[in-house]
Each structure stands twice: as C-alpha cells, then as structure tokens.
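>>> can't give you the sequence, but here's the structure:
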Ligand code: FPP
C-alpha cells in the first residue's frame, strides 16, 4: 500500500466520510508546492523527555512517541517531494544517558523497522545510516543493515538515520584519512579541495541539507552536521518532537521557500 493507499482503498469502495473529505481538503491547502521544495531536510528531534515529563510519563514513553513522529514525518516529507530526510536519532554524546534509556533507544530502530520496513520498501524509500557502527549493539546494527540492504535499490526518498553520529568525530576521521594518505604520498595536501574532504564524510554522496529543523525550543546544533550545514536555512520550533506533525513540517518548508539564499553573495 503506497502513501495514499488508505485514500485509494476508500476510493475503490466509495467509503469517504465527510470527515475524510474535510481532512483531504485541509491537507491540500497546507501542502507546500512549487519548485523550491528543499531537497534535503535534516531534523534534530528534541524534546521527547520533556514531552513525557509533562504527561507524568517515563522518558522512554517520549522516545516511543518520537518513533511514531518519525513515521509521520517520513511520509509527509515524501509526500511533498523532499529527496533526503536526515534524522538525528542518537548522538555520540547520548551514551552519557542512564543505561536503561540508552538500551531503550538502541532498540527503537529495530522496533521501527520491524513495523515499517515493508511499507518503506513499498513506498520506494531508501534507508541509510550515518554514524559509527563500532559501539552500537549488534541487534541495532543488524536491523539497520537489513533495512539498508533491502532498500538499497529504491529510488525514492532517502531516509538517513544519524545514529551514534557526531560531527567532530566524523571530521576528525576524515582528517586522519587524508593525513594517512598524505603521509603515504597518495594525496598532495596542497591540492586538496572541499569536494575531496566531503567525499570522506559520512554524508558522502548526499547533497548538503537545505533546511535544518530543531524541535523543543533549543537553539543549538549539538555536534550535528557542522560541515554540511554551512549554508543551510535553520528553522526552530518550541513543539516537542513527539507532537511534531505534518503541519509543522509544512510550515517550516513554506518559511524556507520565503527565504532568499545568497551563499555569501548579494
Ligand atoms: C532528544 O530528546 C531525542 C533523542 C536523544 C532521541 C531521538 C530518538 C527518537 C525521536 C526516536 C528515533 C526513532 C528511530 C526509528 C530511530 P531528549 O530525550 O533529549 O528530550 P529532552 O531534551 O526533553 O530531555
């Protein structure tokens, strides 16, 4: 069943309710359009813990509902023609959290993919992961790698999970590789260009994010894609990630469409 499967199924059986019609009209009114839809949207999904606390729930309930938002926003991004959606799911600094929370977070990709992988495949979504696989539990890596392998030939939306990702670590590793190759005489440091560095980053092959979104009212980058975000447009919202919906994404995109990107020019 594709993205609009639910509607098509109802269309076939002629089962639209007044509520459905209203919802579709509202959806259409809200949908950003035009040729300047951001190709790559990157999101720092923040506020799961506070969302849960406000409801008297354990933090993991916030993460669990955050997982539902991942599904919602993946569909919404695909629907408007975003080509790459990068989601910051776990940073290299998140290991400092209590063990039980880390363990829960490590199970989420597995749970998400167990429920969603077939639909992602049907919808032509390509799953990728950027981050250091070394420290991750085997079950997390196995689930993500299965999804990466089974969607590798898909040509639709790229859903890129930043998992055990840290931008400084990523850049340091790239620098080490360049240094090793220079020491071996394989690279001339003076001839090195930005593109040569970029291809050694974990985001290699992806365009830089056009739009960065951070939820929950925090105004910082938290070691996320520091190189790649050099010319991105930033959009912040107070909304906590578990309640971030299609409307918020579309608001962000419409605001992006109103901005003039000058890349340092006039
Ligand atoms: C930050 O909120 C959120 C995280 C560290 C985890 C993000 C993970 C998800 C949204 C689920 C990922 C799902 C998949 C499928 C990989 P926080 O806990 O720091 O919130 P707080 O600042 O309110 O405490």
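Everything's here; your move. What you are looking at is a predicted structure, and each value in this text was computed from that prediction instead of being measured.
>>> which helix or which strand is home to the residue of the stretch 51-200 of the chain found nearest the ligand?
Relative to the ligand, the nearest point of the stretch 51-200 of the chain is residue 66 (2.9 Å; Cβ to the nearest ligand atom). Placement of C-beta: from N, CA and C, glycine included. Taking DSSP states H and E as the definition, residue 66 sits inside helix 59-80.
>>> chain center to that helix: distance?
10 Å (Cα atoms, centre = their mean, to the nearest Å).
>>> buried sites along that helix?
59-67, 69-70, 73-80 (16 or more other Cβ atoms under 10 Å).
>>> show me what that helix is packed against.
helix 48-54, strand 84-91, helix 99-122, helix 246-258 (3 or more Cβ pairs under 8 Å, 6 or more residues apart in numbering; DSSP states H and E).
>>> which helices and strands does the first one pack with?
I take that to be helix 48-54. helix 59-80.
>>> what angle do helix 246-258 and the helix it packs on make with each other?
Angle of helix 59-80 versus helix 246-258, following axes from the mean of the first three to the mean of the last three Cα atoms, to 10 degrees, is 50 degrees.
>>> run the angle between helix 59-80 and helix 99-122 for me.
Using the same axes, to 10 degrees: helix 59-80 against helix 99-122 is 20 degrees.
>>> tilt between helix 59-80 and strand 84-91?
Going by the same axes, to 10 degrees, helix 59-80 makes 170 degrees with strand 84-91.
>>> picking that back up, of the helices and strands packed on helix 59-80, which is nearest residue 240?
Closest approach to residue 240 among those (Cβ to Cβ): helix 48-54, 3.9 Å.
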